[in-house]
Each structure stands twice: as C-alpha cells, then as structure tokens.
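> fold the following and give me the result.
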Amino acid sequence: MDLHQDLVVIDGLIVSNFSRSVFEDMQRGGVTAANCTCSVWEGFRATMDNIASWKRHFRDNDDLLLEVRTTTDIATAKDANKTGIILGFQNGAAFEENSGYVELFKQLGVGIVQLTYNTQNLIGTGCYEPDGGLSGYGHEIIAEMNRVGVLIDLSHVGPKTSEEAIKASVKPVTYSHCLPAGLKQHPRNKTDDQLKFIVENGGFVGVTMFPPFLPKGVNSTVDDYVKAIDYMVNLVGVDHVGIGTDFTQGHGPDFFEWISRDKGHGRRLVELGEIVNPAGIRTIGEFPNITAAMERAGWDEPKIRKIMGENWLRVLTDAWGEAVSYTHLTLPTNREV
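Numbering: from 1, shown residues only. Model prediction:
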C-alpha cells in the first residue's frame, strides 16, 4: 500500500475559503483531520454565525466530512475515508468579556483557540506590536480552556504573552503554524529559544508553509518545506513537531488585505506580498507530495508517521483529556505510539 494512504494525516491549521471543492480536495489529499478556522477578527455574534455555517457544511457534505469533538472521532474519520474537522479560532476575541463562553464554544465543537491574532486583545498581545504580556483575564481564559479541554494556540501571539501562557497552562500548548526565525527573520517566526521553551514545557510545534515566512518565499518548493520541518525536528525532537500548513485555498486579495490589518480594518500590520504556495504543494489535494518529499529526503517511516499526524494525535489527546482507540487506525501493531 502507498505509505501516504496508510498515514494518519493531521493539519494543524487550514484557513481556506471553505466549500465543497475544498472538502473534495481534502479527501483527495488524504487529510484525516484538520484544524479549520472559524474565527479570526470576529466577535461573539459573528463567530456564532460562522459556526452555524459550519454546521450546514457538515450536513451538506456528510459524505466527505466528520465533525471532530474527540480524538476517537479522528479514528472514525480515518476508517470512513472522510476528513475530520476540528473547529478552531485564530483569535480569542470571540470570548469578548465572558470566560464562560469558552465552555459554550467547546460544547459547539471548538477544540483549538489561539489567544491573540497579531495584535492586542483582552487576553494578551500579538506578534506585531510591543508585548505587554498575558492579562489577568488571560489567565482566567487559560484556566477555563484547560478545564474544558480546548488546546491553546500561540502562533500569532507575542513572545512575552506566549511565555506567560506556556507557564500558566497545565496542559500542552502549541504553535500550530509557525516557522523558525533561524531560517528567516520575521515577526511571525519563532526563535530557537522560543521553540525550545515551548517544547521543554510540554508544548508542540506545527510547521507552516505560508510563503512570506519561508526563506525562498514564493520560489519555495515542497522540498524546502520539508527542510524547514527537519530544522524543527533537529532543534526540538521528532516527537514534538507536526504539520500546520496554513492553507488559504480559494481566498483572494480581499482576504489577505483583511488579515493584514489590525482588527481587519485598521492600521496595516504587515505587507504579505504575493501569496503562492510552494511548488508541489500548491493545493490541499497535493498533500501526498509532502510524504514523497520526506521519503526523498531519506526519512524513515516512523519519523514520517509521527510528523504527518501521530504527534498531533497525542497532543490533542492530552489537551482534550480524551483517549484515542488506536485499534481503529491503520498502524503497525508492533509500534508504540
């Protein structure tokens, strides 16, 4: 059997223009599960509208999708040849001033929440401005996320807020989609010290391929992406790294303008330039090319399995407080997971 077809493939962040064509491409790419963004700049009401839209997606595309609330659901998705959808926020702004909304959104299926997106909110500071650290309310939000089982994401969060969040959390936290500053200096990329710190404190790193953050930018290839993943592996260890593509498939210039401005409409935070994904992985349907590039790079099968999804599965199990039934997954019986 083709190795990619046999893998548990988990993408730590997709923020595409979600539609049936995107869902079909997820299936074509063999994606077992993905953290799919349903809130960026939106407040409570608009985020609820987005979740309602996702509920329609689940009904209208039940031949392709399965809503993920537990890690066992990911196993079920693998068995059924569907893509498991983890609803996620890229900003805690939807909690507004009520930490009780954390549990409400958890009950609606939200499993991963990034504390801030690029700039300040009530929880803490983003990566594009001076970092004032985690607020008192931020500590309250973290405690509630730990209690109900929502994975804390720090990808777009400032360094001081991130460090304080890592220390405050009693469960694993993640940079779900980032790249190392050791390969390219950028406010969104994390230093070696930041990457080591999150892992030393039980956290996890998902590696993005978003072109502005890669050393070769729009001239990158899938092999360059695998090299960036390997940089992470060599830095923090093979058990602490996974995939977090940050696919923006189907979005046009208006979307990139929206995410580039504070709160979606304020001052410009960053010039993203042209957005062209690395050659060989331009679309979600080309996910098997990542596995092929890992094989070309000489990776052995256990390493590929861990990076492509098994590591994410372990982290989600820990963060959500759920147990996965590995008997439902196509994994060699003589391996420890």
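> how about the helices in this protein?
For the chain, applying DSSP state H gives helices covering 3-6, 20-28, 44-60, 71-80, 101-107, 136-148, 159-168, 192-200, 222-236, 253-260, 288-296, 301-305, 311-320.
> buried residues in the fourth one?
It refers to helix 71-80. Neighbour counts over helix 71-80 (16 or more other C-beta atoms under 10 Å) mark 71, 73-78 as buried. Every residue, glycine included, has its C-beta placed from N, CA and C.
> D223 is in contact with G280, correct?
Yes. Under the criterion of C-beta atoms under 8 Å, G280 makes contact with D223 at 7.4 Å.
> who touches both of the two?
A293 (C-beta atoms under 8 Å, 6 or more residues apart in numbering).
> re the thing from before, between the buried residues of helix 71-80, which sits nearest E96?
D73 (28.3 Å; C-beta to C-beta).
> who are the contact partners of the nearest residue to that closest one once chain neighbours are set aside?
Here the nearest residue to D73 in space, its sequence neighbours aside, is G84; by C-beta to C-beta, 6 or more residues apart in numbering that works out to 5.6 Å. Taking C-beta under 8 Å, 6+ apart, we find G84 in contact with 32-34, 65-68, 73-74, 76-78.
> which of the helices of the chain is buried the deepest?
Comparing the helices of the chain by mean neighbour count (mean count of other C-beta atoms under 10 Å), helix 311-320 comes out on top with a mean of 23.
> what angle sits between that one and helix 136-148?
For helix 311-320 against helix 136-148, the angle between stretch directions is 100 degrees (axes from the mean of the first three to the mean of the last three C-alpha atoms, to 10 degrees).
> what residue ranges in this structure score low on pLDDT?
1, 323-337 (pLDDT under 70).
> and for N91, nearest residue in space, chain neighbours not counted?
Looking at N91 with C-beta to C-beta, 6+ apart, the closest residue is Y117, at 3.7 Å.
> thought the one you found was touching E42?
No. Y117 is not in contact with E42 according to C-beta under 8 Å; the separation is 10.3 Å.
> shared neighbours, the two?
The contact lists of Y117 and E42 share 91, 93, where a contact means C-beta under 8 Å, 6+ apart.
> who has more neighbours out of those two?
Y117 (26 against 18; other C-beta atoms under 10 Å).
> dump the residue contacts of that one.
40-41, 90-91, 93, 126, 156.
> give the contact list for G202.
171-173.
> again with N35
11-14, 86, 88, 111-112, 176, 244.
> what's the answer for M308, then?
So, once contact is read as C-beta under 8 Å, 6+ apart, M308 ends up touching 7-10, 242-243, 290-291, 294.
> got the contact list for stretch 42-53?
38-39, 87, 89, 91, 93-96, 98, 101, 105, 108-110.
> apply 6 Å and report the result again.
Outside stretch 42-53, the residues that touch it by C-beta atoms under 6 Å, 6 or more residues apart in numbering are 38-39, 94, 96, 108.
> got a winner among those for most neighbours?
S39 (27 neighbours).
> who does that one form a beta bridge with?
F89 (DSSP bridges).
> now do the contacts for it.
By C-beta under 6 Å, 6+ apart, the neighbours of S39 are 47, 89, 94.
> what is the neighbour count of G100?
Count around G100 with other C-beta under 10 Å applied: 8.
> look up how far G133 lies from the nearest residue to it once chain neighbours are set aside.
Distance criterion C-beta to C-beta, 6+ apart; nearest residue to G100, sequence neighbours excluded, is E144 at 7.9 Å. The spacing between E144 and G133, counted by C-beta to C-beta, to the nearest Å, is 19 Å.
> do V276 as well
36 Å.
> the more surrounded of those two?
The neighbour comparison of V276 against G133 (other C-beta under 10 Å) goes to G133, with 15 against 12.
> wait, the more buried one touches E164, no?
Yes. Look at G133 against E164 with C-beta atoms under 6 Å: they come within range, at 5.3 Å.
> got the contact list for A94?
A94 neighbours (C-beta under 6 Å, 6+ apart): 39, 44, 47.
> which among those residues gets closest to F23?
Distances from F23 to these, taken by C-beta to C-beta, are shortest for S39, at 19.3 Å.
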